[in-house]
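Engineer: A structural model of the following input is requested.
(chains A, B, C and D)
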Number of protein chains: 4
Amino acid sequence: DAPVSFILGPCQLESLDHARMMAERIAAACEAAGARFIFKSSYDKANRSSVATRRGLGMDEGLSILSKIRDEFGVPVLTDVHEPGQCAPAAQAVDVLQIPAFLCRQTDLLLAAGETGRAINVKKGQFLAPWDMGNVAAKISSTGNENILLCDRGTSFGYNTLVTDFRGLPIMAETGYPVVFDATHSVQQPGGQGTTSGGDRRFAPVLARAACAVGVSAVFLETHQDPDNAPSDGPNMIPVAELADVLTALVRFDALSRELAR
Amino acid sequence: DAPVSFILGPCQLESLDHARMMAERIAAACEAAGARFIFKSSYDKANRSSVATRRGLGMDEGLSILSKIRDEFGVPVLTDVHEPGQCAPAAQAVDVLQIPAFLCRQTDLLLAAGETGRAINVKKGQFLAPWDMGNVAAKISSTGNENILLCDRGTSFGYNTLVTDFRGLPIMAETGYPVVFDATHSVQQPGGQGTTSGGDRRFAPVLARAACAVGVSAVFLETHQDPDNAPSDGPNMIPVAELADVLTALVRFDALSRELAR
Amino acid sequence: DAPVSFILGPCQLESLDHARMMAERIAAACEAAGARFIFKSSYDKANRSSVATRRGLGMDEGLSILSKIRDEFGVPVLTDVHEPGQCAPAAQAVDVLQIPAFLCRQTDLLLAAGETGRAINVKKGQFLAPWDMGNVAAKISSTGNENILLCDRGTSFGYNTLVTDFRGLPIMAETGYPVVFDATHSVQQPGGQGTTSGGDRRFAPVLARAACAVGVSAVFLETHQDPDNAPSDGPNMIPVAELADVLTALVRFDALSRELAR
Amino acid sequence: DAPVSFILGPCQLESLDHARMMAERIAAACEAAGARFIFKSSYDKANRSSVATRRGLGMDEGLSILSKIRDEFGVPVLTDVHEPGQCAPAAQAVDVLQIPAFLCRQTDLLLAAGETGRAINVKKGQFLAPWDMGNVAAKISSTGNENILLCDRGTSFGYNTLVTDFRGLPIMAETGYPVVFDATHSVQQPGGQGTTSGGDRRFAPVLARAACAVGVSAVFLETHQDPDNAPSDGPNMIPVAELADVLTALVRFDALSRELAR
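Structural biologist: Just a heads-up that it's a prediction; the model follows:
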């Protein structure tokens, strides 16, 4: 019955200074909303639409920035891993390893992540039903690691479109693992701009409210000081200037949802 | 900025006594929740999965029951129409005419309904995008009748399954018409039981909460004293014994949503 | 084991002269391809996207034109009906009554059509699975009329898009009724142009080939001398000047399919 | 204008003896049908539904078997790779590297595969539109390797179901790269049996015919002497005893398709 927590940060690490600035502004928004957060950012965008777009700072520099953010701000940090060999080094620097949706069935990656003993946030593939996530979690828990989060980031719906089936949240919760709602990628339009993905950030807070009313353990939201000029996922990220208001509303819906569940 | 209202009743009219009993229990649940309602029931199930299932009492008896409920309980009543010729007689007996989802593109039916001057609740076809409903509303408003409600009851998602895209609620609201969320039919599994439609009523209150958090003008919920033995839509209807609790929660989410919108 | 036949014509009746010209050109294309055809055209487009688009000539004039085409050209004719009351008069003028996809679950319409004794071509709703068509056919056959054709015209796939699942053709054939493939409406993009439906006619012959290779009893193709200026379904209709080539290819694929089935 | 070729083999390598037996029977079927083939088999099922199912022989033993098959039968061989580091060793042993559908957006894997100079058969992700495959191919061709095949294995359609959109074949062909149709995995029901994927092998030859009528460069079909007891993809594989008949039909449809294209 803990209050909802948040996984927040810019999609992609840009520099230590940028990460610090974002962490500061996110911490301020969370304080205003009375919310706790995990800082999220990626050192490598390993599956972008086009080879011509920016991939990120790389693992060494990225992990070094993330552990500095962890130390300086006293917050847990999360990043995503893409190959089994990345799990152990990433686990040195971060508190939560994230498995990207496209990779949620890669057995070796799930096992390597599980073996680190860190918390694992695994995203439901856009091609999977919510009830298929039990098998995904079982791969991780076969390593003895039960610190698993199941995250919904939308399901394929025709071409270049995702839809969120909110029945999926209670269905995934039946596994007993905490459920996360990724509001940012749920409003993505994959491949929708030719060589990059599109999206509609207006709907991210709308769907996040729905998730908090239904009941989730955490909401994942990417944010940026200038989304339209961000190196990736710009169409979906929320301006950090609006973050405090968005979180305040979500905290209220979560509190009501928990009050009614008592 | 009015509070959410409710469209409630048994899917199908069974008898005057049954309608009275249901109206009484619904009125009690609404009083407990501090909510207003429109009584809904159908005199004819005109598009059932199979020809062998029960269709209903027919128009004459059905409309007579509905106008008695209106008079005795002092509530507005709603029923669905299936052919242009049914609109004028139905409009004598009821306050709101409803256009079934499969028929939402039938121009003659929309025009005949619009011409009665009654409020029209038109369901979004399972085959339509939310932005396509502007054209549907324009058919009705071409008669001079602007008393239009746009209702989401789910969208086709693979076979024998519907999904609710909650982005559709604010998209339909951009038309300026009030938006209704039909929680009962959104959890239907069309044709999912061979000769009848299946469904999962557990998710109806879940999706209704999400709708109230997002913001809607009304929630449509079918209810019955014994859903498993109801003549139609049993798998999706909520037991009337649980209605007060469901409505109370929805009223709370709606109030919070409106408070935050101020 | 009869060769594939064709249902061909302009989407919408424009005038007697236009129907004659089209029938002449279609008959010539069929003769070139060695194929038989049923002339198809609609007297009323009853479910267009927008109220501002052209609906057609109406039932009286339309049926009169269709029976003239039948007499003058010695071909069977087909038209679609939209309300139970239209079935008996239409059955006087045409050989095949067609049930539009949106209306394929309307019990009264199916019964009224069945009772005429005419052949009934019923389109699979975009919202139905192929195995759901057994219940639809059973409504018609409950009138004693077994002269039923089941027609695939695509299935909802995300927003404003249809997809053809070719597994559906043999699945529908398991009912024992002949299966028709509607190549024109399968490439429609419903509502895809704002107030009209879009489409991509390039793919109509592609999908029709696939259907003939899989095996069907008939292919439905709309055609026009100037599709881009046709009053409806222009984006999907094939120019009549290309019809002979398209049919010739389909006849070849059908012949091979039947040869291999022996 | 070359005739269609085939990518054939058991889903998973079981032993050298099993691979030899399968290659022998496949070679005989191809000779009967007058067709050429590439032998396909996997050394590792890296993304199975459940951690409890069999993964395969591993890379060393698997590649050794595949190069023996290549030498003994004089046929090209294909296998799938799952991490960048597997590409160079696999390229020593096989002629074609295959990129699994879930991994078709992993930039490092595509680049490592491209850099081997081998032919690359990349499967369209179930979550991608056919027009999105141009970006995928561009990642590979950025290494200077233009020896690319684009393969359709179905698209997500609701839960636990795939659908083949045959418009996708000509759309992918617009890239200029040869297009392959994977008939086996297109009929898969992902996750459809709880801890394994289901499927319906009856439809694999049906969809393969449709593909040959539309026009493709190659058809991918998995086959086994006893599919119901195969370690993976049993529900979708064709019994090798039926292979000659299936291939003979496909060769005929392909020949007709090419004749008509002249």
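
Engineer: Would it be right to say that A:Ala112 lies in a helix?
Structural biologist: Yes. Checked against DSSP: H, G, I helix; E, B strand; the rest coil, A:Ala112 lies within a helix.

Engineer: what's the distance between it and A:Ala91?
Structural biologist: 9 Å (CB to CB, to the nearest Å). C-betas here are computed from N, CA, C, even on glycine.

Engineer: got a list of contacts for the strand or helix carrying A:Thr223?
Structural biologist: Using DSSP states H and E, A:Thr223 maps to strand A:218-224. By CB atoms under 8 Å, 6 or more residues apart in numbering or on different chains, the residues outside strand A:218-224 that reach it are A:4-11, A:22, A:26, A:38, A:40, A:149, A:151, A:153, A:178, A:180-185, A:204, A:208, A:211-212, A:230, A:233-234, A:236-240, A:243, A:246, A:250.

Engineer: can we see that at 7 Å?
Structural biologist: Residues from elsewhere that reach strand A:218-224 (CB atoms under 7 Å, 6 or more residues apart in numbering or on different chains): A:4-11, A:26, A:151, A:178, A:180-184, A:204, A:208, A:211-212, A:230, A:233, A:236-238, A:240, A:243, A:250.

Engineer: Just the buried ones from those?
Structural biologist: Buried by 16 or more other CB atoms under 10 Å in any protein chain shown: A:4-11, A:26, A:151, A:178, A:180-184, A:204, A:208, A:211-212, A:230, A:233, A:236-238, A:240, A:243, A:250, out of the contacts of strand A:218-224.

Engineer: how far out from the middle of the chain is the helix or strand where A:Asp71 lies?
Structural biologist: Assigned by DSSP H and E, A:Asp71 belongs to helix A:59-73. For helix A:59-73, the gap between its own C-alpha mean and the chain's C-alpha mean amounts to 17 Å (CA atoms, centre = their mean, to the nearest Å).

Engineer: And the contacts of it?
Structural biologist: Residues contacting helix A:59-73 (CB under 7 Å, 6+ apart): A:13, A:16, A:19, A:23, A:27, A:39, A:41, A:43-44, A:56, A:76-77, A:79, A:86, A:89-90, A:93-94.

Engineer: thinking again about what came up before, in CSV, list the C-alpha atoms belonging to the strand holding A:Thr223.
Structural biologist: Output in CSV follows, covering the C-alpha atoms of strand A:218-224 (Å, rounded to 0.1, in the frame of the first residue of the first chain):
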residue,chain,number,x,y,z
ALA,A,218,5.1,3.4,-10.3
VAL,A,219,4.8,5.8,-13.3
PHE,A,220,7.6,6.2,-15.8
LEU,A,221,7.8,9.6,-17.4
GLU,A,222,10.6,11.1,-19.5
THR,A,223,11.1,14.8,-19.3
HIS,A,224,13.4,17.4,-20.7
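
Engineer: Is stretch A:29-46 positioned near chain B?
Structural biologist: No. Applying CB under 7 Å from any CB of the partner chain, one finds stretch A:29-46 separated from chain B by no less than 12.4 Å.

Engineer: got the contact list for A:Ser108?
Structural biologist: Residue A:108: Asp, not Ser. A:Pro84, D:Ala46.

Engineer: Please tell me how far it sits from D:Arg48.
Structural biologist: 11 Å.

Engineer: Could you do A:Thr143 as well?
Structural biologist: From A:Thr143 across to D:Arg48, the span is 16 Å (CB to CB).

Engineer: try A:Arg202
Structural biologist: Computed as CB to CB, the A:Arg202 to D:Arg48 distance reads 39 Å.

Engineer: neighbour-wise, which of those two wins?
Structural biologist: In this view A:Arg202 and D:Arg48 are compared by other CB atoms under 10 Å in any protein chain shown, and D:Arg48 has more residues nearby, 23 against 12.

Engineer: Excluding chain neighbours, what is closest to whatever residue of the stretch 1-150 of chain A ends up closest to chain B?
Structural biologist: When distances are taken as CB to the nearest CB, the stretch 1-150 of chain A reaches nearest to chain B at A:Ala129, 9.8 Å away. Nearest residue to A:Ala129 in three dimensions, chain neighbours excluded: D:Tyr159, at 3.8 Å (CB to CB, 6 or more residues apart in numbering or on different chains).

Engineer: mind listing the strands in the stretch 51-200 of chain A by residue range?
Structural biologist: With DSSP state E, counting those that start in this stretch, the ranges of strands along the stretch 51-200 of chain A come out as A:77-80, A:96-99, A:119-123, A:148-152, A:155-156, A:162-163, A:179-182, A:188-189, A:198-199.

Engineer: Figure out which of those is closest to B:Ala173.
Structural biologist: strand A:162-163 (18.4 Å; CB to CB).

Engineer: For that closest one, give the mean pLDDT please.
Structural biologist: Throughout strand A:162-163, pLDDT has a mean value of 98.

Engineer: Just checking that strand against chain D, any contact.
Structural biologist: No. Strand A:162-163 lies out of reach of chain D by CB under 7 Å from any CB, never closer than 8.8 Å.

Engineer: Show me the residue sitting in the middle of chain A in space.
Structural biologist: A:Phe220 (4.5 Å; CA atoms, centre = their mean).

Engineer: give me the beta-bridge partners of that residue?
Structural biologist: A:Ile7, A:Asp182 (DSSP bridges).

Engineer: Helices of the stretch 101-250 of chain A, start to end?
Structural biologist: A:107-115, A:133-141, A:168-173, A:183-186, A:203-214, A:243-261 (DSSP state H, counting those that start in this stretch).

Engineer: For A:Asp132, which non-adjacent residue is closest in space?
Structural biologist: Spatial nearest neighbour of A:Asp132, excluding adjacent residues (CB to CB, 6+ apart): D:Gly191 at 4.2 Å.

Engineer: residues contacting the one you found?
Structural biologist: Going by CB under 7 Å, 6+ apart, D:Gly191 touches A:Leu128, A:Ala129, A:Asp132, D:Ser49, D:Asn160, D:Ser197.

Engineer: Which of the residues you listed has the largest number of neighbours?
Structural biologist: Of the contacts of D:Gly191, with other CB under 10 Å as the count, A:Leu128 tops at 26 neighbours.

Engineer: so how far is chain C from that one?
Structural biologist: A:Leu128 is 17 Å from chain C, where distance means CB to the nearest CB, to the nearest Å.

Engineer: mind checking pLDDT for that residue?
Structural biologist: At A:Leu128, the pLDDT value in this model is 97.

Engineer: Repeat that for A:Gly56.
Structural biologist: 88.

Engineer: hmm, back to that, mind putting the helices of the stretch 101-250 of chain A in TSV, mean pLDDT and distance to A:Ile65 included?
Structural biologist: Below are the helices of the stretch 101-250 of chain A laid out as TSV (pLDDT from 0 to 100; distance: least, CB to CB, whole Å):
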stretch	mean pLDDT	distance to A:Ile65
helix A:107-115	97	21
helix A:133-141	97	26
helix A:168-173	98	31
helix A:183-186	96	20
helix A:203-214	98	25
helix A:243-261	97	20
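
Engineer: so which of the ones you listed gets nearest B:Asp226?
Structural biologist: Closest to B:Asp226 of the helices of the stretch 101-250 of chain A, according to CB to CB: helix A:168-173, at 24.8 Å.

Engineer: So which residues on chain A come close to chain D?
Structural biologist: So far as CB under 7 Å from any CB goes, chain A lies against chain D at A:46-51, A:83, A:102, A:105-108, A:126-129, A:132, A:135, A:138-139, A:142, A:156, A:159-160, A:190-191, A:195.

Engineer: 8 Å instead?
Structural biologist: Listed as neighbours of chain D in chain A under the rule CB under 8 Å from any CB of the partner chain: A:46-52, A:55, A:82-84, A:102-103, A:105-108, A:110-111, A:125-129, A:131-132, A:135, A:138-139, A:142, A:155-156, A:159-160, A:190-191, A:195.

Engineer: Please, a PyMOL command that selects the buried ones among these?
Structural biologist: Buried residues within the residues of chain A next to chain D, by 16+ other CB under 10 Å, are selected in PyMOL with:
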select buried, chain A and resi 46+47+48+49+50+51+55+82+83+84+102+103+105+106+107+108+110+111+125+126+127+128+129+131+132+135+138+139+155+156+159+160+190+191
